[in-house]
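S.K.: model the structure of this input:
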Amino acid sequence: NYGGFAYSDASRFFVANGGDDLFSPVGSVMLSNLNREVMTEVNHHQPLRYAIEAEYMLTERLGIASGLTYTRLVSDMSSGSSNAAYSTRQKIDYIGIPLSLNCYLLDSRRFNLYISGGGTGEKAVSGTSVTSYEYEGAGQAGSPYRFKEKQIQWSVNAALGANLRLIERVKLFVEPGISY
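M.R.: From the prediction side, this is the model:
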């Protein structure tokens, strides 16, 4: 049994697809691992996000902020046995526009602490996926597969932030938070 296929199911799958998949790297991995214990691992790395923002103060403690963000998502996936396996690394780059409302809890001349809530619209601008295969000790690297997502991805965000004034009107900020 591999990936939900019993041997007879896998044979019908390959025959129904003209048998060509049988000799592909993934076909070789699947057939080699029939009736073997297969391990699958997925690792989604911590997203990296960089932002530049401008803020307009509505009141002494409330501000509305917007700007531009760059986000990189990386995931590693692997599946197989000691005899045959494959591994894939996927990277996706996003450009986004955030909009948030900031409420300042501590406001001093050089340092501020605040809570923030809002949303972001992001567009995937680049995506690659590279799969490599190992079959009976021999490795084969795949070529990068490039893809683009056509839709804008929307999210809501909440964060606790802190900023340090570097010069007048320029602040360095850190904003750990959650997104959905």
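S.K.: got the CA coordinates for whatever helix or strand residue 42 lives in in PDB?
M.R.: Using DSSP states H and E, residue 42 falls within strand 39-44. Extracted C-alpha coordinates of strand 39-44, given in PDB (Å, rounded to 0.1, in the frame of the first residue of the first chain):
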ATOM      1  CA  MET A  39       7.300   7.600   5.900                       C
ATOM      2  CA  THR A  40       6.100  11.100   4.900                       C
ATOM      3  CA  GLU A  41       7.300  14.400   6.500                       C
ATOM      4  CA  VAL A  42       6.200  17.900   5.900                       C
ATOM      5  CA  ASN A  43       8.000  20.900   7.400                       C
ATOM      6  CA  HIS A  44       6.700  24.500   6.900                       C
END
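S.K.: parallel or antiparallel, list what pairs with that strand.
M.R.: Counting by DSSP bridges, the strands paired with strand 39-44 are strand 62-80 (antiparallel).
S.K.: tell me how far the strand it pairs with is from the chain's mean position?
M.R.: Distance of strand 62-80 from its chain centroid, counting by Cα atoms, centre = their mean, to the nearest Å, is 7 Å.
S.K.: name the next helix or strand following that strand along the chain.
M.R.: Counting by DSSP H and E, what follows strand 62-80 is strand 84-107.
S.K.: that following strand to strand 62-80, inter-axis angle?
M.R.: Inter-element angle recorded for strand 84-107 and strand 62-80: 160 degrees (by axes from the mean of the first three to the mean of the last three Cα atoms, to 10 degrees).
S.K.: pLDDT weak spots in the protein?
M.R.: Scanning the chain for pLDDT under 70 picks out 1-24, 26.
S.K.: repeat the analysis, applying 80 as the threshold.
M.R.: Applying pLDDT under 80 to the chain picks out residues 1-35, 83, 135-143.
S.K.: distance between the strand holding residue 42 and the chain's centre?
M.R.: Relative to its parent chain, strand 39-44 has a centroid offset of 14 Å by Cα atoms, centre = their mean.
S.K.: packing partners for the helix or strand just after that strand?
M.R.: Next in sequence after strand 39-44, counting helices and strands by DSSP H and E, comes strand 48-57. When contacts are defined as 3 or more Cβ pairs under 8 Å, 6 or more residues apart in numbering; DSSP states H and E, strand 48-57 packs onto strand 62-80, strand 84-107. C-betas here are computed from N, CA, C, even on glycine.
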